[in-house]
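In: Provide a 3D model corresponding to the input given below.
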Amino acid sequence: MTFSCILKIIVLSLYQEINTNTMEKTITIQGIASGISTFYTQAKCCHAFTLTANGKSYKVYVRDNDCEWDLNDGEHYTISGIVITDEMVVATSVDRWGRICDVCGKWHTEGYYVGEDEYACSEECAIKLYNGNEAAFREDLALLDDEETADAAVTYWTEWE
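Out: As a prediction, the model looks like this:
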């Protein structure tokens, strides 16, 4: 058994012992996930990944039932958890947060959803997703104004939490 595997078992065993109502140090971090792996310990599905936030990386361990989303590398998540060391957190919840603009790469929590899973942080970037055709962009947004065509709208402004 590798050291990494033993460490995962120890961390997740501690996880079962930790009472979040005690004086344990808790943390909430928003960052980008990478290196996601899945493993099983004590017949429970668990995940390990690195969460990078503000130039610092945290090794995060979470049980599958504490994670509301399928985890994907490169996506942004908010984790809440218990600090084991300065660089290791056992998450008690993981949630997806925000989107990356498909045009400029900016991270945003509100913006345009365009067509088939494209995201834009601003009107300028949304128009670029329409290959610069502002009239087509405005025409699609106008579909939302009419009850009969609102369901056909493929572009709209939204907020992601």
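
In: My read is that Ala120 contacts Tyr130, right?
Out: No: taking contacts as C-beta atoms under 8 Å, Ala120 lies outside contact range of Tyr130: 9.5 Å. Just so you know, the C-beta spots here come from the backbone N, C-alpha and C atoms, and that holds for glycine as well.

In: which residues do these two both contact?
Out: Common neighbours of Ala120 and Tyr130 (criterion: C-beta atoms under 8 Å, 6 or more residues apart in numbering): Val114.

In: The lowest-mean-pLDDT helix or strand in the chain: what's the following helix or strand?
Out: The weakest-scoring helix or strand in the chain, judged by mean pLDDT, DSSP states H and E, is helix 3-17 (a mean of 52). The helix or strand immediately downstream of helix 3-17 is strand 26-41, counting by DSSP states H and E.

In: Keeping just the C-alphas, turn that following strand into CSV.
Out: Provided in CSV are the C-alpha atoms of strand 26-41 (Å, rounded to 0.1, in the frame of the first residue of the first chain):
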residue,chain,number,x,y,z
THR,A,26,-12.8,25.5,9.6
ILE,A,27,-12.2,27.1,6.3
THR,A,28,-14.2,28.1,3.2
ILE,A,29,-12.2,28.4,0.0
GLN,A,30,-13.2,29.3,-3.6
GLY,A,31,-10.8,28.0,-6.2
ILE,A,32,-10.0,25.8,-9.2
ALA,A,33,-9.9,22.0,-8.9
SER,A,34,-7.2,19.9,-10.5
GLY,A,35,-5.9,16.3,-10.2
ILE,A,36,-9.2,14.8,-9.2
SER,A,37,-9.0,11.2,-8.2
THR,A,38,-11.6,8.8,-6.8
PHE,A,39,-10.9,6.1,-4.3
TYR,A,40,-12.8,3.9,-1.8
THR,A,41,-12.2,3.6,1.9
